[in-house]
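Novice: Fold the following for me, if possible:
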Amino acid sequence: MTLPFLSHLSPALRNRLWFLLAGNVMLLAFIYAHTLSNEQASFLDELSRFGPNVAPLILAALGLTGIVYTGAIDLSVGAIIVVAGTVFGILYEYEFAPAVCFAACYATTLVLSVWNACLIRWLKIPAIIVTLAGLTFYRGLALALANFSLEDFSGQISIHGDAYHYPGKEWAGGILLLAIVVAVLWESFGKTPRLWLAHGSSQAACRLQGLDPARLLTSAFFVSGLFLGLAALCETTRGLTIEPNRLARGFELQVVAAVVMGGTNVFGGEGSYVGTILGGAFLYLVGQAMLYAGLSEFSR
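Specialist: Here you go, the predicted structure:
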């Protein structure tokens, strides 16, 4: 009996998922073995940090997966998080309640994601060009907002008070788990992900079936904004400071890597939310395993 989320996948993609699952299990076993030999390390502590650390990456990757299904891409996801984090920090400085800061952070992410889709639709420019421009523009916008709104802005905003850190430190694991359940169920039983895959396979065929490719692409960016808003909340609130110049630096490449490693075709038409989840977890666990092995980017 085939699991529902595997039923529409090609044999090659199914093999990719099994490979990633085996790789994640092996990495966990490696980390477990090293924690046993190190009195200062605990495997349970490592697992407890998994949710908060990996949540922003997997949540953003889940959002990007639907866009890549259509054959498009969003390279501005990290920069959008910077704008959302800066809005959060500005409202914090003006002493707004945590709930207002959270809502504004989430709404900013969703609005900018949909705005990307609108620009692509109106200008009829490929998504890669629009979002590549957005990668630089949104980071500049975040700095402009901070300098305009905050007197004597020093380059960072310090966030005090535990209530402002709940999404990133206390709720991240639960948010990630809920998002994974929703994504897997939607992939298994929802119609829209299959329409996105059809869009990525052939826009002409979609038109012949009475579908609107532009509307499908807009819906993919909208759903991406829903997931990316959760990623922005987790990423923004897990640190003690918000630095627009450094927040989510290089985040776009990690998100794209998680999606592509999970088996989603970068040209659209094939992919899996489950693969994205496994790909994001694999990237994180590889980094942790390298730390336990005594390796780093500075090693010679």
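
Novice: going forward, measure contacts and count neighbours with C-alpha atoms only.
Specialist: Fine.

Novice: which stretches of the protein form strands?
Specialist: Residue ranges of the strands in the chain, as given by DSSP state E, are 157-158, 241-242.

Novice: Return the most buried member of these.
Specialist: strand 241-242 (a mean of 19; mean count of other Cα atoms under 10 Å).

Novice: So what's the gap between that one and the chain middle?
Specialist: 19 Å (Cα atoms, centre = their mean, to the nearest Å).

Novice: by contact count, what packs against it?
Specialist: helix 77-93, strand 157-158 (3 or more Cα pairs under 8 Å, 6 or more residues apart in numbering; DSSP states H and E).

Novice: Give me the most central residue, the chain.
Specialist: With distances taken as Cα atoms, centre = their mean, A60 lies nearest the centre of the chain, 1.1 Å away.

Novice: Just the residues contacting the helix-or-strand element of the chain with minimal mean pLDDT, thanks.
Specialist: Within the chain, no helix or strand scores below helix 203-208, which has a mean of 90 by mean pLDDT, DSSP states H and E. Residues from elsewhere that reach helix 203-208, judged by Cα atoms under 8 Å, 6 or more residues apart in numbering: A198, H199, D212, P213.

Novice: most neighbours, which of those?
Specialist: Counting neighbours by other Cα atoms under 10 Å, H199 leads the contacts of helix 203-208 with 26 neighbours.

Novice: that older thread, now the two most distant members of the contacts of helix 203-208.
Specialist: Within the contacts of helix 203-208, A198 and D212 form the most distant pair, 11.4 Å apart (Cα to Cα).

Novice: Show the model's pLDDT score for G78.
Specialist: As predicted, G78 sits at a pLDDT of 96.

Novice: what do you get for the one 5 residues further on?
Specialist: At V83, the pLDDT value in this model is 97.

Novice: I'd like the numbering to begin with 52 instead of 1 from here.
Specialist: In the new numbering, first residue 52, that becomes V134.

Novice: List the contacts of it.
Specialist: T159, T160, Y189, R190, L192, A193, P295.

Novice: 6 Å instead, please
Specialist: A193 (Cα atoms under 6 Å, 6 or more residues apart in numbering).

Novice: cool, and F204?
Specialist: Counting by Cα under 6 Å, 6+ apart, F204 has contacts N198.

Novice: And it, how far from D125?
Specialist: Distance, F204 to D125, by Cα to Cα, to the nearest Å: 30 Å.

Novice: and if you look at Q91?
Specialist: The spacing between Q91 and D125, counted by Cα to Cα, is 41 Å.

Novice: Tell me which of the helices and strands packed on strand 292-293 lies nearest to G322.
Specialist: helix 128-144 (19.4 Å).

Novice: Return the residues in contact with L291.
Specialist: Counted by Cα under 6 Å, 6+ apart, L291 has contacts S209, I210.

Novice: Number of residues surrounding the residue lying closest to Y120 once chain neighbours are set aside?
Specialist: If the residues on either side of it in the chain are set aside, Y120 comes closest to G319, at 4.5 Å by Cα to Cα, 6 or more residues apart in numbering. The number of residues packed near G319 is 23, by other Cα under 10 Å.

Novice: Does G319 touch I124 like I think?
Specialist: No: the criterion here is Cα atoms under 6 Å, and G319 misses it with I124 at 9.4 Å.

Novice: circling back to that earlier point, can you lay out the contacts of helix 254-259 as a markdown table showing distance to Y335 and pLDDT?
Specialist: Shown next, in a markdown table, are those (distance: Cα to Cα, whole Å; pLDDT from 0 to 100):
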| residue | distance to Y335 | pLDDT |
| --- | --- | --- |
| A249 | 31 | 94 |
| H250 | 31 | 94 |
| D263 | 37 | 94 |
| P264 | 35 | 93 |
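
Novice: what about the helices in the stretch 252-351 of the chain?
Specialist: 254-259, 264-288, 302-312, 324-343 (DSSP state H, counting those that start in this stretch).

Novice: and A130, which of the ones you listed is closest to it?
Specialist: Across those, closest to A130 is helix 302-312 (Cα to Cα), at 8.3 Å.

Novice: Sort out which residues of that closest one are buried, please.
Specialist: Within helix 302-312, the residues that qualify as buried are F302, E303, Q305, V306, V307, A308, A309, V310, V311, M312, counting by 16 or more other Cα atoms under 10 Å.
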